[in-house]
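**Student:** Curious how this folds, go ahead:
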Amino acid sequence: MNSLDYIGQKVDVRVDRPLGSAHPKFGFIYPVNYGFIPDTVSGDGEELDAYVLGVSAPVAEFTGECIAVLRRKNEQDDKLIVVPVSVRFSEEEIRRHIHFQEKYFESDVFVKSEKPNKALQHNDPSRHVSCLRTPRASRGRG
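**Tutor:** Model prediction:
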């Protein structure tokens with residue numbers, strides 16, 4: 001399944017880096033819950049990663065709605081943006097919540113849109129996905 005197909009879908013996230021935990025290699029603290037979608041494979045060969053936004057306590061598992069996909073430009077490593085059902089975040093809010101880790105990478109954010117984007121339909125005319133602007137990445141470790 002293409003990661004963009006998850007937008008608008010209910011997904012189960014297994015959180016392996018709960019809010020408040022430290023990154024195992026770089027030591028920064030996770031201000032959001034971060035995990036993966038079990039039984040999936042992302043472009044990097046690992047399970048598809050997911051940021052869980054809109055939850056203010058550490059959790060081990062979470063079921064919510066994928067509202068966006070972050071696609072890193074120089075890696076095969078997409079990240080789902082998952083929130084409680086019916087909760088919405090603007091692109092600016094999404095980027096603010098995930099900046100702690102994504103500031104080291106250039107990326108695009110894809111969201112469901114009202115208008116079809118022919119370049120991203122993946123041969124499915126019902127597919128309505130838009131790419132939001134791409135900020136320049138900060139210099140630093142990646």
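**Student:** Do a quick rundown of the strands in this protein.
**Tutor:** Along the chain, the stretches classed as strands by DSSP state E are 10-17, 33-36, 49-52, 61-72, 78-83, 107-112, 129-131.
**Student:** which stretch among these comes nearest His23?
**Tutor:** Of all the strands of the chain, it is strand 10-17 that lies closest to His23, at 7.1 Å by C-beta to C-beta. Where C-beta positions appear, they are placed from N, C-alpha and C, glycine not excepted.
**Student:** strand partners of that closest one, parallel vs antiparallel please.
**Tutor:** Here strand 10-17 has these sheet partners by DSSP bridges: strand 33-36 (antiparallel), strand 61-72 (antiparallel).
**Student:** Turn the strands of the chain into TSV, columns for mean pLDDT and mean neighbour count.
**Tutor:** Listed next are those as TSV, based on pLDDT from 0 to 100; neighbours: other C-beta atoms under 10 Å:
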stretch	mean pLDDT	mean neighbour count
strand 10-17	98	17
strand 33-36	98	23
strand 49-52	98	24
strand 61-72	97	20
strand 78-83	97	25
strand 107-112	93	19
strand 129-131	56	18
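**Student:** Redo these as TSV? Include distance to Glu92.
**Tutor:** What follows is those, written out as TSV (distance: least, C-beta to C-beta, whole Å):
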stretch	distance to Glu92
strand 10-17	23
strand 33-36	20
strand 49-52	15
strand 61-72	12
strand 78-83	13
strand 107-112	10
strand 129-131	15
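**Student:** Ok, which of those comes nearest Gly43?
**Tutor:** Distance to Gly43, taken as C-beta to C-beta, is lowest for strand 78-83 among the strands of the chain, at 6.6 Å.
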